[in-house]
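Visitor: Below is the structure, and that's it, no one-letter string:
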């Protein structure tokens, strides 16, 4: 049976005699960078995303709950079907900076969704917006997950995933509350425009940060020795 606890005598020790059994490895800078990037973009999207269904029902001619369902269906089908071939593309990509480029392209594509919604007057406009949202997600999710998985410390994988999930959850909660306040004070269109432009103008940030923190690790993506610690 696997032991859950260890005594001092059983504790693995470093050459200096320190117990290393419970010593936690420092989170590497690429993981922190990826969490920061996702924190920024998820928070910006959360300003408008949760209120799209309300906008469709109240602000679109012919909008109804059934239209909300169809729009959600278009997003989910687009994302679910396209992320499989895109994930194969990520796996076959030889250089890590190319993966970061796909991630940036995904964010830029997702920015088209709120920008189109800001000018939408008919239900088919909403459907086009949801298609681009699904396309952007299909590009960004496999690439971000591949980068995160590649650089995660296997000895504390659960802890690093939990850090990510906790930070994203808390930031999204604050962004949703702020988004509702801004829509009340301005309009759906104003918040959609601001959200879309911020995401579009910031979509190059993953490439900039990668050049800053990982410019010496542009060799083979499949080389496990390329992890930054």
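Guide: Everything's here; your move. No experiment lies behind these values; they were computed from the predicted model shown.

Visitor: Which of the helices and strands in this protein ranks last by mean pLDDT?
Guide: helix 205-214 (a mean of 78; mean pLDDT, DSSP states H and E).

Visitor: Mind giving me the packing neighbours of it?
Guide: If you count contacts as 3 or more C-beta pairs under 8 Å, 6 or more residues apart in numbering; DSSP states H and E, helix 205-214 packs onto helix 29-46, helix 96-118. In this view, the C-beta of every residue, glycine as well, is placed from N, C-alpha and C.

Visitor: ok, residues contacting the first one?
Guide: When you say that, I think you mean helix 29-46. Contacts with helix 29-46, where a contact means C-beta atoms under 8 Å, 6 or more residues apart in numbering, come from 103, 107, 110, 114, 144, 147-148, 151-153, 160, 163-164, 167-168, 171-172, 174-176, 179, 195, 198-199, 202, 205-206, 209-210, 213-214, 227-228.

Visitor: now the helices: where do they sit in this protein?
Guide: Secondary structure of the chain (DSSP state H): helices at 29-46, 52-59, 65-92, 96-118, 123-151, 157-185, 188-202, 205-214.

Visitor: got these as a markdown table, with mean neighbour count columns?
Guide: Compiled in a markdown table, the helices of the chain are given as follows (neighbours: other C-beta atoms under 10 Å):
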| stretch | mean neighbour count |
| --- | --- |
| helix 29-46 | 19 |
| helix 52-59 | 17 |
| helix 65-92 | 15 |
| helix 96-118 | 22 |
| helix 123-151 | 21 |
| helix 157-185 | 14 |
| helix 188-202 | 19 |
| helix 205-214 | 16 |
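
Visitor: Mean pLDDT lowest where, among the ones you listed?
Guide: Mean pLDDT is lowest for helix 205-214 among the helices of the chain, at a mean of 78.

Visitor: for the residue lying closest to residue 178 once chain neighbours are set aside, phi and psi?
Guide: Counting by C-beta to C-beta, 6 or more residues apart in numbering, residue 178 lies nearest to residue 47, which is 6.3 Å off, once chain neighbours are set aside. Phi and psi for residue 47, reported as degrees, to the nearest 10, are phi -60, psi -30.

Visitor: right, and residue 47 touches residue 179 too?
Guide: Yes - Residue 47 is within contact range of residue 179, at 3.7 Å (criterion: C-beta atoms under 8 Å).

Visitor: which residues do those two both contact?
Guide: Joint contacts of residue 47 and residue 179 (C-beta under 8 Å, 6+ apart) are residue 191.

Visitor: and residue 204, what is it in contact with?
Guide: By C-beta under 8 Å, 6+ apart, the contact list for residue 204 reads residue 104.

Visitor: and the gap between it and residue 77?
Guide: Computed as C-beta to C-beta, to the nearest Å, the residue 204 to residue 77 distance reads 29 Å.

Visitor: Ok, which of the helices and strands packed on helix 205-214 comes nearest residue 52?
Guide: Taking C-beta to C-beta, helix 96-118 is the member of the helices and strands packed on helix 205-214 nearest to residue 52, at 6.7 Å.

Visitor: starting at the chain centroid, how far to that closest one?
Guide: Put simply, helix 96-118 sits 11 Å off its chain's centre (C-alpha atoms, centre = their mean, to the nearest Å).

Visitor: Can you name every helix or strand that that helix contacts?
Guide: For helix 96-118, the packing partners by 3+ C-beta pairs under 8 Å, 6+ apart are helix 29-46, helix 65-92, helix 123-151, helix 188-202, helix 205-214.

Visitor: can you list those in a markdown table and add distance to residue 57?
Guide: Formatted as a markdown table, the helices and strands packed on helix 96-118 follow (distance: least, C-beta to C-beta, whole Å):
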| stretch | distance to residue 57 |
| --- | --- |
| helix 29-46 | 19 |
| helix 65-92 | 6 |
| helix 123-151 | 11 |
| helix 188-202 | 11 |
| helix 205-214 | 34 |
